[in-house]
Each structure stands twice: as structure tokens, then as C-alpha cells.
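**Q** missing the sequence, but the structure's below:
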DNA sequence: AAATTCTCCTGAAGGC
DNA sequence: TGCCTTCAGGAGAATT
């Protein structure tokens, strides 16, 4: 499923192919995504020049002279650029036509979103209350430590809270906590500033490493069989319950924390 | 305010 | 072989 590294890889993959092109049409085959795709989108976009594609959290932002198209991949969404005449396959819900190119959204589970923003995009309701980007300087151990003060939620839930920091999904939460040696169920307010500095560094390193491999992940992600491939091999604990901890050799455990599967080494993570 | 639960949806996996 | 059930998962909304 697309986490931050995969969304960023998607952005890097499509941006050179679509930036600077003019919209020649919009096709909405299935408007019922997480929210309805606004019926006004085709009229608003057709004829406009697509200037830039940026990312905020897991949202892709398509900047036009007049407004911004917000796109979220949910958990099963994927984007690719295909020749304009390519016939759509199942779950191909949305096309942005750019001359002979077509930017196509496929999303079997329809948890994704396509929305429009008129004003300053940072003030959009979906973006306005988001925490810092994990790879920015605004995100560090001090920030986590301050945010956690007086709170009791499990640290795994805490770092998956988009008001605390964006882009840390279920997989990378487990991986980062393993890297930092912190037990996922530990109350977030009972972790030292020093350990939060380690955790912030682990989150950055884990996401950066995944972005490095994102290209491979993306290609595999587009394969017909849908296997994640390369990406999976680099995971140290996620999905590996019962296997050996790569650090101490003990058994990796799986446990539900906040309704989500969490993987950790009870020996290395305290 | 913070934390938990509910919700959208469908493919995959497991049980019989 | 195939039908039925269960579950996962991003994240906003609703609820406690």
C-alpha cells in the first residue's frame, strides 16, 4: 500500500511526464471515492496548464494557475502515465488527459480521493491541521518530546497521528520503532527526550531508505500480480511474526495495538 | 483535549 | 472446486 515513500516515488515518476502540459480533458468513470469527485473538476481543469506536482503528507498536489487538484491514493491507489488512447481497465476511475498523455488513477478499494482547492492549498481542511513533514528540519526529537508531554497513547499510535507527524503508516511505524529500540505499546509520555531523538532519526532514516528503493517498489507495485517485491525484503520486523529478530535472534512478535497489527522484538524493544 | 471506535471498499486468504 | 466469512488498511468523522 502506498506509504509516504511510495507516494513520493509516484510523484517523482510522473512529474517529468506531466509538468508543463495542458489539460485537454478529464474523465471521471467512478466519482464515488472516499469523497465524491467534484463534478466541476473537468470544467475547471480543461484548458489549464499543469505547472508543478508536489507532495504534502500522502497527498499529491497538482498546481494549476487557478487552483490545485488534490489526489490521495488511499491504500490501493496507483497512478501512471499511459498513451491517451489506452483503454481503461477495471478500477481505472479517473483520467487527466494531457494531449497524447493520460494520467490515470486506478484504485480498487476506492479509499483514495480526488478533490479541488480554490484558495491557498495549505489552508485546505485536509491539510490545515497536519503535523510537520518527517524529512523536514521542523521534525525532530524535541518536537516529538514536546508533543508527547502528558499523553498516554501507545507511542505507535502517537507517531501514526498525522497531527504529530505525517506520512508514517502502519509499516514504517513498526520498522522505525524497531530501529529505535522502543516498544510500540509504551505510553508516549513516558519516553525520554533522548530516546525521542533516536526515534526521530530512525523515522527519517527508514523513510529515506524506502524512498531510495521506491523505484523498485513502484515498478513491482504496477505488476499484474501486485507483489511488493524488493521493498518487502528490506523490512526487518513488519509481517515477520515468528521469524528471527535480525538483531538478537529472538522471535518477532505480532500484536494488535490500536486495532492495527504491530510487529516488534520484545527483547530489543523496551 | 485526548483517545478510541466507526466507516468507506474489495482482494486475498482461510475454512469447510 | 467453490462458496462464504474474515480481515487488512489510510485517515477523517463520530463517539466516548
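**A** Now that the structure is in, tell me what you want to look at. Note that the structure is a prediction, hence the values are computed from the model and not measured.

**Q** can you give me the strands for the stretch 51-200 of chain A?
**A** A:59-64, A:67-72, A:78-83, A:92-98, A:101-106, A:113-117 (DSSP state E, counting those that start in this stretch).

**Q** need the pLDDT of the residue nearest to residue A:53 when sequence neighbours are not counted.
**A** Closest residue to residue A:53 apart from its sequence neighbours, by Cβ to Cβ, 6 or more residues apart in numbering: residue A:15 at 4.4 Å. Any C-beta I mention is one placed from the backbone N, CA and C, and that applies to glycine too. Residue A:15 is assigned 94 on the pLDDT scale.

**Q** how many other residues sit next to residue A:15?
**A** Counted with other Cβ atoms under 10 Å, residues neighbouring residue A:15 total 17.

**Q** the strands of the stretch 51-200 of chain A: lowest mean pLDDT?
**A** Minimum mean pLDDT among the strands of the stretch 51-200 of chain A: strand A:78-83, a mean of 91.

**Q** which residue sits closest to residue A:210, ignoring its sequence neighbours?
**A** Closest residue to residue A:210 apart from its sequence neighbours, by Cβ to Cβ, 6+ apart: residue A:5 at 3.7 Å.

**Q** in three-state terms, label the one you found for me.
**A** helix (DSSP: H, G, I helix; E, B strand; the rest coil).

**Q** same deal with the one 3 residues further on?
**A** When classified by three-state DSSP, residue A:8 comes out as helix.

**Q** tell me how many other residues crowd it.
**A** Neighbours of residue A:8 using other Cβ under 10 Å come to 21.

**Q** likewise for residue A:85?
**A** Residue A:85 has 7 nearby residues by other Cβ under 10 Å.

**Q** what of the one 10 residues further on?
**A** Residue A:95 has 19 neighbouring residues, counting by other Cβ under 10 Å.

**Q** wait, it touches residue A:101, no?
**A** No. Contact status for residue A:95 versus residue A:101: not in contact, 10.2 Å apart, counting by Cβ atoms under 8 Å.

**Q** picking that back up, quickly note the distance from the residue nearest to residue A:53 to residue A:63.
**A** 11 Å (Cβ to Cβ, to the nearest Å).

**Q** still on that earlier bit, ok, which of the strands of the stretch 51-200 of chain A comes nearest residue A:143?
**A** Checking the strands of the stretch 51-200 of chain A against residue A:143 by Cβ to Cβ gives strand A:59-64 as the closest, at 20.9 Å.

**Q** by contact count, what packs against the closest one?
**A** When contacts are defined as 3 or more Cβ pairs under 8 Å, 6 or more residues apart in numbering; DSSP states H and E, strand A:59-64 packs onto helix A:4-18, strand A:50-56, strand A:67-72.

**Q** mean neighbour count, these: which tops it?
**A** Among those, the stretch with the highest mean neighbour count (mean count of other Cβ atoms under 10 Å) is strand A:67-72, at a mean of 22.
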